[in-house]
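A.B. asks: fold the following.
(2 chains)
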Amino acid sequence: MAEEEVQAITNEETAPRRRRWRVTRRGFLIGLGTTCAGLAVGVVAGRRPFWRFLAGMLSSGEGAPSGGDSNPFAWFEITPDNEILFISSKVEMGQGVHTSLAQIGAEELAVDWEQLTVVQGGTHYGPNDGFGTGGSTSVASSYDPLRLAAASMREMLRREGALLMGVALADVEAVSGTIRVVADPSQSMTYGEIVAAVDEWQELDEEPALKPSSEHKIIGQSMARVDFESKLTGSAVYGYDMRVDGMVYGAVAHKPTVGATMVRAAAGEAMDVPGVIDVVINVDKGMAGVIAKTRQAAQAGVGKLNVEWDEGYLWSQEEIEAMLITEGREGISIQRDGRASRMLDDDASIISAEFKTPFAAHAHLEPQAALADYKDGIVKVWGSTQGANTEQSAVADLLEIDAETVQVVPTYLGGGFGRRLSIETAMEAAFLSYNTGYPVHVGWTRPDDMRQGYFRPPTRSVLRGKVENGRIAAIEHRQSSGEVAFPFFPPFLKGVFGADFGSWRGALNFYSKIENRETIAYLADLPVRTGWWRSLGLLANIFATESFMDEMAHAAGADPLQFRLDHLGDDAFGMRMKGVLTAAAEKAGYGQDLPEGHAHGIACSPDVDTVVAMVAEISVDDTGKITVHKATMAVDAGYFVNPDGAIAQTQGNIIMGLSSTLIEELTITNGVVRPRNFDTYPLITMERAPEIDVVLLESDGKPRGMGEPPLGPVAAAVGNALFNLTGKRIRQIPMTPERVNAL
Amino acid sequence: MELNINGEVRQLDEAYGDGVLLWAIRDGLGMIGTRYGCGAGICGSCTVHVDGVATRSCVTPVEAVVGKEIRTLEGLQAADGTLHPVQQAFIDKQVPQCAWCMSGQVMQAVAFLEENSAPSDEEIVDAMKNNYCRCGCYVRIKEAVAHAADLAQEVS
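C.D. replies: You can find the predicted model right below:
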């Protein structure tokens, strides 16, 4: 392989001494199998010279990177001062990914946990990540390439350390951020000392062996979260907190209805509002905004603009829901085994049921916020974003500038839940900064956030099934939903994919012993923005399918747990699912006596190959109000990088799932999103939070996602418990007292 | 205009004088630890103490707190950097997720425990039930408030 010199980058602030390292490429690291597109030793001359180890792109699968940037990308940096940085391309929105990815890196880099500092990457710092952070993919997709990158870096340090100390490679080991002589540990060099002494690095001839999980000391441990001290003392910086010198506040006019378009706009009396500095209008781009000395003045200024809107058609909730009806429409068959449809024709023994879920808001507690600073031809944007690269393109498209001149720096996120894969505040702030030259912060109000975003789409599922000899002979699921993934992809992909994989996530029947089964997806192009919401279609689809599984069990006269076990396959997936069902049931005491007026319900679901099962213990009072006393969930995600983090994700998913199950419903009236704030869109509180028991099961040493899968069975488990308690089946969420009483 | 905040007298730009306390603290004084969630006194993210009482700063006029003692999350640590027992308890129990609400949760809990140093579970729920946590950390918040009461007893 040719020797290659990586281009030096000079830090513009100071470059006290220029130094050029060289890297010799030998071979294997160029490919790194199929999961890592490139790996090299890079060179940066900066404030302090430092060595940069470059791990190319994140893995394939759902986390496939889009690439598109020629700069080197680093996961780790070690400075001559022995600072060891892990640069996370994944953003910290509460899921603990900074901690779990750092654990993966620290394990193979052979550094002590305290030695590693986690910093946030962005479009121009750290590993490139076109996918963004979401879909419960971060740990699973990074696990192998990150370990390989860390192990390679460790081995290169080992080799150079041995050379520097004049001993054989076989005689040195990497321990606690040092390379030391095995026979004489007093002879050692820190990683930083080695980095300071080496001018030319050689890549490895072969892939280093990775530790088997039995030897893991950091992976698999419940390490304390790295971000909590700053978050509990008030120093952690989120998008809403970003400040730079000379910053002003911005706000823009927002659509009064879901289908509105801007017709005309003028400054009106906005400039008369005390504190308002400037007005910027571009009707073609739908932008009319002001900048001001305070946030309140900016918002008041927007109220004084003269903006004329075409409100569009004023949709009602009923009209929108009618678009989800499957009868008379063409669907796309996404799963077909046997001859379910024919077996379910004209048969009196067919059981049929229809399930509905509503629009839902993400309601992350930090409303959308970003700061943009246009200076010297560069638009720099800081914000709470799940998709730095997406945001970079969106800002560049809006301003009609080269994407490379837009630099996005993610901050901490005050919740994400899929909403921050589109961050309108970044576009608004960039628009105002680009046109005025001021650094501009835009923070949405709660009503902005509640009304101007996209929502979890409403769904309708029609299930039909037939029981013979105590078993399901045939089952069919007609699944109808607004779009989830499609709004984020180029239109031609709709034709490639056919059905929207976000909408039908969780809809496929996973009971492989059912010979005749079909799932048909129906997509509605609703007049309201819909999109990513934690777990995508999972909660809605599992509510339908796992409630219906219960209906089939009762029709067969079988116990719902045993009925599920009987229909699961004996392959690895089926055994894992049986494992979580059995574990949840045992832990909850399923089948044993409960206090008077209490009942259990059970449900299970797979998602990103993580399997979960939940038992809900509930009661219901005279008003129809459901109380969930206890939720017991068993989770098999293969292998847990941070078990306590996995438990936290499980607890959080159960609570968020119960909020959807019991309370949350967003409606449209006369073209307007009805709730403005939490008074009309309340969330679950501690008062209705149940006791939660979590059982973690490990199966095969491969970590899978934890951010969303536990949301799957929550609504179904509660509905199934309600049936066991009252003999009445609820087929719509939220399960409000009115709906429960109307059964 | 002057605000007495965390034991210091701070000058507040008059542009924030006729607004609510939240924005005076965040934008006027640049203290970011107090969080905006709803602006309507519902979610509790903006909770601070005014003369020791847990108060929703997003609906509290600045004029109403002039001359009073305001305490925010930044004012909880001891001078030597030791965390307040509630902060320590929230770390011990690994409570937060995104943590945007946690400033309000902690301030609510501190004020509550100053009134009730040995609360029952029911009293904790009653004190904390009006603070939203979208990430769903309620089980751990409850445990941590009880744990904080124990820590505070050990300290005293």
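A.B. asks: specify the beta-bridge partners of residue A:669.
C.D. replies: Beta bridges link residue A:669 to residue A:672, judged by DSSP bridges.
A.B. asks: surely it and residue A:318 touch.
C.D. replies: No: if you go by Cβ atoms under 8 Å, residue A:669 and residue A:318 don't touch, sitting 10.2 Å apart. Heads up, the C-betas are built off the backbone N, CA and C, glycines and all.
A.B. asks: pLDDT value on residue A:53, please?
C.D. replies: Residue A:53 carries a pLDDT score of 34 in this model.
A.B. asks: what do you get for residue A:346?
C.D. replies: What the model reports for residue A:346 is a pLDDT of 70.
A.B. asks: what number of residues lie near it?
C.D. replies: Residues lying near residue A:346 (other Cβ atoms under 10 Å in any protein chain shown) number 5.
A.B. asks: most proximal residue of chain A with respect to chain B?
C.D. replies: residue A:234 (2.3 Å; Cβ to the nearest Cβ).
A.B. asks: contacting residues for that residue?
C.D. replies: Counting by Cβ atoms under 8 Å, 6 or more residues apart in numbering or on different chains, residue A:234 makes contact with B:31-34, B:72-74, B:103.
A.B. asks: next: residue A:289.
C.D. replies: For residue A:289, the contacting residues are A:250-253, A:279-281, A:298, A:302, A:428, A:431-432, by Cβ under 8 Å, 6+ apart.
A.B. asks: mind giving me the domain ranges of chain B?
C.D. replies: Following the assignment in automatic domain parsing, chain B carries domains at B:2-72, B:85-155.
A.B. asks: as CSV, the ones you listed with distance to chain A and mean pLDDT would be great.
C.D. replies: Rendered in CSV, the data for the domains of chain B read as follows (distance: least, Cβ to the nearest Cβ, whole Å; pLDDT from 0 to 100):
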stretch, distance to chain A, mean pLDDT
domain B:2-72, 2, 97
domain B:85-155, 3, 97
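A.B. asks: so of the ones you listed, which one's packed in deepest?
C.D. replies: Per-residue neighbour counts averaged over each of these give the maximum for domain B:85-155, namely a mean of 22 (mean count of other Cβ atoms under 10 Å in any protein chain shown).
A.B. asks: measure that domain end to end?
C.D. replies: From the first residue to the last, domain B:85-155 extends over 8 Å; the measure is Cα to Cα, to the nearest Å.
A.B. asks: below-threshold pLDDT in chain A: ranges please.
C.D. replies: Low-confidence regions of chain A, defined here as pLDDT under 70, cover residues A:1-74.
A.B. asks: ranges for the strands of the stretch 301-450 of chain A?
C.D. replies: Applying DSSP state E, counting those that start in this stretch to the stretch 301-450 of chain A gives strands spanning A:306-310, A:332-337, A:351-357, A:369-375, A:378-383, A:406-410, A:440-443.
A.B. asks: hmm, who's touching the first one?
C.D. replies: Just to be clear, that refers to strand A:306-310. By Cβ under 8 Å, 6+ apart, the surrounding residues in contact with strand A:306-310 are A:253, A:255-257, A:260-268, A:288.
A.B. asks: let me have the residues you listed in CSV, adding secondary structure as columns.
C.D. replies: Rendered in CSV, the data for the contacts of strand A:306-310 read as follows (DSSP: H, G, I helix; E, B strand; the rest coil):
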residue, secondary structure
A:253, coil
A:255, coil
A:256, coil
A:257, coil
A:260, coil
A:261, strand
A:262, strand
A:263, strand
A:264, strand
A:265, strand
A:266, strand
A:267, coil
A:268, coil
A:288, strand
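A.B. asks: in those, find the pair that's most separated.
C.D. replies: With Cβ to Cβ as the measure, no two of those lie farther apart than A:257 and A:267, at 23.1 Å.
A.B. asks: restricted to helices, list the contacts of residue A:234.
C.D. replies: residue B:103 (DSSP state H).
A.B. asks: re earlier: for the contacts of strand A:306-310, which PyMOL command selects only the ones that are buried?
C.D. replies: Entered in PyMOL, the line below selects the buried ones among the contacts of strand A:306-310, by 16 or more other Cβ atoms under 10 Å in any protein chain shown:
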select buried, chain A and resi 253+255+257+260+262+265+267+288
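A.B. asks: what is the distance between the helix or strand harbouring residue A:105 and the centre of its chain?
C.D. replies: Secondary structure assigned from DSSP states H and E places residue A:105 in helix A:97-109. Put simply, helix A:97-109 sits 19 Å off its chain's centre (Cα atoms, centre = their mean, to the nearest Å).
A.B. asks: re earlier: so for residue A:215, which of the strands of the stretch 301-450 of chain A sits nearest?
C.D. replies: Of the strands of the stretch 301-450 of chain A, nearest to residue A:215 by Cβ to Cβ is strand A:406-410, at 33.5 Å.
A.B. asks: would you confirm that residue A:673 contacts residue A:258?
C.D. replies: Yes: with contacts defined as Cβ under 8 Å, residue A:673 counts as touching residue A:258 at a distance of 6.6 Å.
A.B. asks: what is in contact with these two at once?
C.D. replies: Contact criterion Cβ under 8 Å, 6+ apart; residues shared by residue A:673 and residue A:258: residue A:528.
A.B. asks: quick one: contacts for the closest residue in space to residue B:30 that isn't next to it in sequence?
C.D. replies: Once its chain neighbours are removed from consideration, residue B:30 has its nearest residue in residue A:243; the separation is 6.4 Å (Cβ to Cβ, 6 or more residues apart in numbering or on different chains). Shown here is residue A:243, whose contacts under the criterion Cβ under 8 Å, 6+ apart are A:371, A:441, B:30, B:32.
A.B. asks: and the last one, its phi and psi?
C.D. replies: Note on residue B:32: backbone dihedrals following degrees, to the nearest 10 are phi -90, psi -10.
A.B. asks: wasn't residue A:467 part of a strand?
C.D. replies: Yes: remark: residue A:467 belongs to a strand, assigned using three-state DSSP.
A.B. asks: list the contacts of it.
C.D. replies: By Cβ under 8 Å, 6+ apart, the contact set of residue A:467 is A:349, A:351, A:473, A:552, A:555-556.
A.B. asks: what subset of those residues is buried?
C.D. replies: A:351, A:473, A:552, A:555-556.
A.B. asks: tabulate those residues (JSON lines), appending secondary structure and distance to residue A:152.
C.D. replies: Converted to JSON lines, those look like this (DSSP: H, G, I helix; E, B strand; the rest coil; distance: Cβ to Cβ, whole Å):
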{"residue": "A:351", "secondary structure": "strand", "distance to residue A:152": "57"}
{"residue": "A:473", "secondary structure": "strand", "distance to residue A:152": "55"}
{"residue": "A:552", "secondary structure": "helix", "distance to residue A:152": "52"}
{"residue": "A:555", "secondary structure": "helix", "distance to residue A:152": "57"}
{"residue": "A:556", "secondary structure": "coil", "distance to residue A:152": "56"}
